[in-house]
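Asker: coordinates for the following, if possible.
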Amino acid sequence: MTRRIVLGVLLAAGALSLTVAAMQQPAAQPRVVEADKVKDNLYVLKGGGGNSSVFITATGVVVVDTKNPGWGQPLLDKIKTITNKPVTMIINTHTHGDHVSGNVEFPANIDIVTHENTAANMKEMRPNSSAPPNPNPPNIFKDNGGKGLAKRTFKDRMTIGRGADQIDLLYFGRAHTNGDAMVFFPALRVLHIADAFPGSELPIMDGNNGGTGTGYAETLTKALAFSEKNADILINGHNNNTSTNADLKAYIQFIRGYVGEVQAAKKAG
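Answerer: The predicted structure is shown next:
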């Protein structure tokens with residue numbers, strides 16, 4: 001795991017450059033969403049942005065994160081190949097466009113739940129401080145008359161449903177942003193941790209949206225303490241494969257070293 005993290009660090013700058021270049025080129029590739037079954041009635045859908053969880057309950061489908069602009073409908077289309085139940089709820093883990101932009105393509109009557117800080121961030125859609133500067137960043141929610149914004153929020157914890165359909169929304173503090181919600185499926189012992197733990201990728205501390213370097217490891221340490229007791233599988237923000245508690249523990253150690261080196265470099269001038 002540690003070696004994969006280091007490799008992710010070495011490739012991060014190049015990957016970002018390739019991403020920016022791709023965004024500047026005309027869209028030519030088909031928008032393909034792939035689905036992997038995580039466990040029982042829980043799937044992770046990949047492609048088009050951050051990983052999306054799809055949880056099929058007795059009454060409908062709960063979707064965690066809805067990907068980049070233009071990917072909401074492909075996501076919905078893929079869900080229809082898994083179940084004929086309607087999507088009843090969206091949970092957004094944080095404000096970044098590759099996790100929330102598809103909201104506007106879902107029916108307007110769907111419930112949308114986020115952390116209270118993310119709800120505020122989504123109204124503004126400030127650019128990610130780690131991305132190339134953009135003097136006129138788009139705001140997909142303002143452009144759509146507010147469609148897709150949160151309808152309900154939570155502060156520290158919220159429980160939705162019960163029994164096999166229960167979902168717990170958890171907030172352990174600032175990390176990637178100031179509103180990093182983690183989504184726990186207790187009956188399955190699965191935690192969707194999203195971009196606070198992006199897998200083997202370099203951590204992004206988005207200061208424009210309340211992210212922090214100094215508190216990042218501490219927040220993940222709290223998440224790990226919960227996960228080690230309650231979860232066996234972690235759904236990370238972007239990797240193709242799910243993660244384990246051991247992976248998260250190694251990532252925390254990496255972040256401590258990474259932040260320490262940055263702080264030492266700043267102090268040395």
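Asker: low-confidence ranges in this structure?
Answerer: 1-28, 135 (pLDDT under 70).
Asker: going by residue numbers, what spans are strands in it?
Answerer: 34-39, 42-46, 52-56, 61-64, 87-91, 111-115, 152-154, 157-160, 167-171, 181-185, 190-194, 233-236 (DSSP state E).
Asker: closest to residue 212 out of the ones you listed?
Answerer: Among the strands of the chain, the nearest to residue 212 by C-beta to C-beta is strand 167-171 (13.9 Å). The way it works is simple: take the backbone N, C-alpha and C, and place the C-beta from them, glycine included.
Asker: can you list the strands that the closest one pairs with?
Answerer: Strand 167-171 has the following strand partners under DSSP bridges: strand 157-160 (antiparallel), strand 181-185 (antiparallel).
Asker: isn't residue 36 up against residue 42?
Answerer: No. Counting by C-beta atoms under 8 Å, residue 36 sits too far from residue 42 to count as a contact (10.1 Å).
Asker: the more surrounded of these two?
Answerer: The neighbour count for residue 36 versus residue 42, taken as other C-beta atoms under 10 Å, is higher for residue 42 (20 against 13).
Asker: dump the residue contacts of the most centrally placed residue in the chain.
Answerer: Centroid-nearest residue in the chain: residue 194, 3.5 Å away (criterion: C-alpha atoms, centre = their mean). Neighbouring residues of residue 194 by C-beta atoms under 8 Å, 6 or more residues apart in numbering: 50-51, 64-65, 93-94, 99, 176, 180-183, 235-237.
Asker: check the gap between it and residue 69 for me.
Answerer: Separation of residue 194 from residue 69 (C-beta to C-beta, to the nearest Å) stands at 19 Å.
Asker: can you list contacts of stretch 76-91?
Answerer: The set of residues external to stretch 76-91 that reach it, using C-beta under 8 Å, 6+ apart, is 33-35, 43, 45, 54, 56-57, 59-66, 103, 105-107, 110-114, 160, 167, 169, 181, 183.
Asker: now do the same end-to-end measure for it.
Answerer: 15 Å (C-alpha to C-alpha, to the nearest Å).
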